[in-house]
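Undergrad: Need coordinates for the following:
(chains A, B, C and D)
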2 protein chains.
Amino acid sequence: MKNNNEDICRRSQCAINIALETVGDKWSLLILRDLMFTDKRSYGELQSSDEKIATNILASRLLSLEAKGLIRKTTDPENGRRSLYYLTEKGIDLLPVIIDLRQWAEKHDPHAEGCAQAIKITEKNRAEVLCGFMKKLKGVHGVKELSAKTK
Amino acid sequence: MKNNNEDICRRSQCAINIALETVGDKWSLLILRDLMFTDKRSYGELQSSDEKIATNILASRLLSLEAKGLIRKTTDPENGRRSLYYLTEKGIDLLPVIIDLRQWAEKHDPHAEGCAQAIKITEKNRAEVLCGFMKKLKGVHGVKELSAKTK
DNA sequence: ACCTTTACTTGCATTTTGCAAGTGCAAACA
DNA sequence: TGTTTGCACTTGCAAAATGCAAGTAAAGGT
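TA: The predicted structure follows:
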């Protein structure tokens, strides 16, 4: 089992670099995408995505994302041999990044098919739509909102 | 010289996946960051960043970014042995992604140092600030704005 | 007790990245 | 006009990450 030596051995302390060292590989954000926009929660379901991630890579990514606090692993209460993965708030907070990547690809690549059609964003409603969708995700993934008591 | 077989051989057509296959490695966005937030334009300057990119990787990334249309290579008119790299509109359009990554890291990693302090974004002024900064980048990098004639 | 489902692990080939040294070429210099 | 120097890369090889196919382990059902 690896320890978290990435905390002290970084290429730089630049925020952008830190973000890229955390999720800047070719698979992590795709896993988060599935957790955000589909109801896939188990290992097998996550493996069934279009991109066909190799099983050992999926395993290592889930471990790494959990170690970094972006997802949380639980056992399915209805089926003990099933593991379920849920987003944490830290993971949910990457929604804006994913949405921006999608908008960029849709603008510049004619072949890009917009997954997550559910969430349509314009310049004006962006903050509102993102906030609403993140609130929904927090509900689905069981993230407690600190602001709940003030509302 | 590689041809653009990535156009037809993709893991999937999902917009998010396409974006990640384009800039989802550990270096491309850092190069774009430097072009956006510093006045580094030459090979040597780009190599001097904190993250210490290996020279062969820098060369291959510049080639790849140029092939994908995110940057443009020119010869320094004042120094013939110098190459200068500029962002294209496609590259500039990744600004929101980079800003979101930075905000995410600043929120979740106490060690993150905000590079690009110049651009401070709140929920309310986001569209305006991003738009203004992108306009500035277009000026600096010599990207023509189609809307110029209508203004 | 046996079989199935589910989540992985393992071993090995391939690709990507990293490091250090070397090459080539235009401009400045002698 | 030859030489040096700065700059942009190559090249060769080691190390790490990724990809593929097959195998293992443990819970649940029958």
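Undergrad: what are the ranges of the helices in chain A?
TA: For chain A, applying DSSP state H gives helices covering A:15-23, A:28-37, A:43-47, A:55-67, A:89-92, A:95-108, A:126-140.
Undergrad: Can you name the residues in contact with the second one?
TA: When you say that, I think you mean helix A:28-37. Under the contact criterion CB atoms under 8 Å, 6 or more residues apart in numbering or on different chains, helix A:28-37 has outside partners A:22-23, A:40-41, A:45-46, A:49, A:51, A:53, A:58, A:61-62, A:64-65, A:70-71, A:85-87, A:91-92, A:94-95, A:97-98, A:101, A:115-116, A:118-119, A:137, A:141, B:14, B:16-17, B:20, B:24. Every C-beta, even on glycine, is put in place using the N, C-alpha and C of the backbone.
Undergrad: so which of the helices of chain A gets nearest DNA strand D?
TA: helix A:55-67 (4.1 Å; CB to the nearest atom of the strand).
Undergrad: Which positions within that closest one qualify as buried?
TA: A:L58, A:R61, A:L62, A:S64, A:L65 (16 or more other CB atoms under 10 Å in any protein chain shown).
Undergrad: Nearest residue to the third one in space, please, no chain neighbours.
TA: The reference is to A:L62. Using CB to CB, 6 or more residues apart in numbering or on different chains and skipping the chain neighbours, the partner closest in space to A:L62 is A:Y85 (6.4 Å).
Undergrad: Could you count how many residues lie near the one you found?
TA: 22 (other CB atoms under 10 Å in any protein chain shown).
Undergrad: gap between it and B:K107?
TA: 22 Å (CB to CB, to the nearest Å).
Undergrad: The residue nearest to A:L65 when sequence neighbours are not counted: neighbouring residues, count only.
TA: Distances taken as CB to CB, 6+ apart put A:I71 closest to A:L65, at 4.6 Å, once the chain neighbours are dropped. As a burial measure, A:I71 scores 23 neighbours (other CB under 10 Å).
Undergrad: my read: A:I71 touches A:S83, true?
TA: No. Judged on CB atoms under 8 Å, A:I71 makes no contact with A:S83 at a distance of 11.0 Å.
Undergrad: Report the distance from stretch A:38-50 to the chain centre.
TA: With CA atoms, centre = their mean, to the nearest Å as the basis, stretch A:38-50 stands 13 Å off its chain's centre.
Undergrad: Just the endpoints, please. Distance across that stretch?
TA: 13 Å (CA to CA, to the nearest Å).
Undergrad: now do stretch A:47-65
TA: End-to-end for stretch A:47-65, by CA to CA: 15 Å.
Undergrad: go on, stretch A:87-104?
TA: Start-to-end, stretch A:87-104 (CA to CA) is 24 Å.
Undergrad: Need the contact partners of that stretch.
TA: A:19, A:23, A:29, A:32-33, A:35-36, A:65, A:68-72, A:112, A:114-116, A:119, A:121, A:130, A:133-134, A:137-138, A:141, A:143, B:15-16, B:19-20, B:93-94, B:96-97, B:100-101, B:103-104, B:107-108.
Undergrad: now do stretch A:59-78
TA: Contacts of stretch A:59-78 (CB under 8 Å, 6+ apart): A:2, A:4, A:22-23, A:25, A:27-28, A:31-32, A:35, A:42-43, A:46, A:53, A:82-88, A:90-91, A:94, A:141, B:108.
Undergrad: now do 6 Å
TA: Stretch A:59-78 is contacted from outside by A:22, A:27-28, A:31, A:82-88, A:90-91, using CB atoms under 6 Å, 6 or more residues apart in numbering or on different chains.
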